[in-house]
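In: Sequence below, structure please.
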Amino acid sequence: MPRIASSVIKQLLLILTVPLWLDCSVASASETAAETPAREDSGANPGRSGFTTGLGEVELSQAFPDAALWLELEDDDRALGLFYPEREPPAEGALVLLADVGGNAASGVVGGLGLELVERGWAVLSVGLPAPSLPLQRSLEERLDNDDQAAGDGAGDDASAVMIDVMASPDGESPEQRYRGRVRQSLEAAVEALASRGYDRPVLLGVGRASGHLVAAQLALPNPGIMIWVAPEFYPRDALSLAESLSPRGTGILELYASRSAGSEDARRRWANLLRAGVETYERQPVSLQEPPSRQDAPALAGRIDAWLRSR
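Out: Coordinates of the predicted model:
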């Protein structure tokens, strides 16, 4: 009898435990689709662009079918955006959110920030930012000693790299040109998608490395609006040309940085360079942020962004 009772108890425990395990597995799978870059998918055409996004965009579109919006790019390529209209029309305006490098349209702080802004009366279209290949990443992050090196040796190195890539690439573009071009196209397509829905001059918001890509997209837009940088990081060559790129545009810029630190030396130099270049509409504000920003930071960021935009 004791053996039979023990066996029955074990079976009952198993019956009670299995549903809990299944619930946890389902929840974990859903979180993975939204929070982390998934395996490479068919969202990009590797035969033409030279890389795949690695953002799990097909799985993401299935996880968020009501919000999924495929943006058509050049060369039969496409990128996934998640579009959330305002809860109660009319909208205060619209924002395009670009995730930090390697993040998709629902991952990290971007995923939470979009929902928080919608609650505050804004329409939001978020897109992911594929990570560059390891060799390209090393090239982009290469430090420059001074301006002379950037204008001299650095330019020569870039030219050599482009010449090599021209020989290997049918379209004559370097990996960096293809990578930057695809990101710029996804932003331009997002702006066009919002314009077709009646949202003019949307605010462009980028997290981390995405901030530099916003500048390139703004230069290509005929009527640029406002940019918001969240904990921005710029590749060395991008930082060097930032003041020159922004000074003639008259673009309003808000930089939100972690309040626990006054900012890096690069950030202080960027502030001074932009002021010297006459970029008067550049404002920096501290916010309580984790480093790097996470989904938990979304409410504080959304409140600050909403207040700043309404005050303009």
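In: Would you map the helices across the protein?
Out: For the chain, the helices defined by DSSP state H cover 2-35, 46-49, 57-63, 108-119, 134-140, 147-151, 153-168, 175-196, 210-220, 236-240, 242-246, 265-276, 298-310.
In: pLDDT weak spots in the stretch 51-200 of the chain?
Out: The model of the stretch 51-200 of the chain has pLDDT under 70 over residues 51-53, 145-171.
In: Would you point out which residue is most central in this protein?
Out: A99 (1.8 Å; CA atoms, centre = their mean).
In: Relative to A123, how far out is that residue?
Out: Going from A99 to A123 by CB to CB, to the nearest Å gives 18 Å. No exception for glycine: its C-beta is placed from N, CA and C like everyone else's.
In: for stretch 85-100, which positions count as buried?
Out: Burial within stretch 85-100, assessed by neighbour count using 16 or more other CB atoms under 10 Å, is assigned to P85, E86, A91, G93, A94, L95, V96, L97, L98, A99, D100.
In: end to end, how far does that stretch reach?
Out: 22 Å (CA to CA, to the nearest Å).
In: thinking again about what came up before, what's the closest non-adjacent residue to the residue nearest to the centre of the chain?
Out: Leaving aside its sequence neighbours, A99 sits nearest to V110 (CB to CB, 6 or more residues apart in numbering; 4.5 Å).
In: Y84 - how many residues pack around it?
Out: 19 (other CB atoms under 10 Å).
In: What separation do you get for it and A220?
Out: With distances taken as CB to CB, Y84 is found 25 Å from A220.
In: Just the CA atoms of stretch 234-241, as CSV, please.
Out: Coordinates of each C-alpha in stretch 234-241 appear next as CSV, following Å, rounded to 0.1, in the frame of the first residue of the first chain:
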residue,chain,number,x,y,z
PHE,A,234,28.4,57.6,-33.0
TYR,A,235,31.1,55.8,-35.1
PRO,A,236,34.3,57.9,-35.1
ARG,A,237,34.0,59.1,-38.7
ASP,A,238,30.3,59.9,-38.2
ALA,A,239,31.1,62.0,-35.1
LEU,A,240,33.8,63.9,-37.0
SER,A,241,31.4,65.0,-39.7
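In: For it, which residues meet the burial criterion?
Out: Quick answer for stretch 234-241 (16+ other CB under 10 Å): F234, Y235, R237, D238, A239, L240.
In: And stretch 273-287, by the same measure?
Out: Those would be N273, L274, A277, V279, T281, Y282, R284, V287, for stretch 273-287 by 16+ other CB under 10 Å.
In: Give me the distance between stretch 174-192 and the centre of its chain.
Out: In terms of CA atoms, centre = their mean, to the nearest Å, the centre of stretch 174-192 is set 12 Å apart from its chain centre.
In: List the buried residues of that stretch.
Out: Neighbour-count burial for stretch 174-192, counted by 16+ other CB under 10 Å, picks out 174-176, 178-191.
In: same question, stretch 301-312
Out: Across stretch 301-312, burial judged by 16+ other CB under 10 Å covers L301, A302, R304, I305, D306, W308, L309.
In: Spell out which residues sit in contact with the residue nearest to P224 when sequence neighbours are not counted, please.
Out: In space, and not counting its chain neighbours, P224 is closest to Q218: 4.4 Å by CB to CB, 6+ apart. By CB atoms under 8 Å, 6 or more residues apart in numbering, the contact set of Q218 is L204, P224, M227, R249, T251.
In: State the distance from the closest residue to D100 other than its chain neighbours to A300.
Out: Spatial nearest neighbour of D100, chain neighbours left out: G208 (3.6 Å); criterion: CB to CB, 6+ apart. For G208, the distance to A300 equals 17 Å [CB to CB].
In: I'm done for today, thanks for sticking with me.
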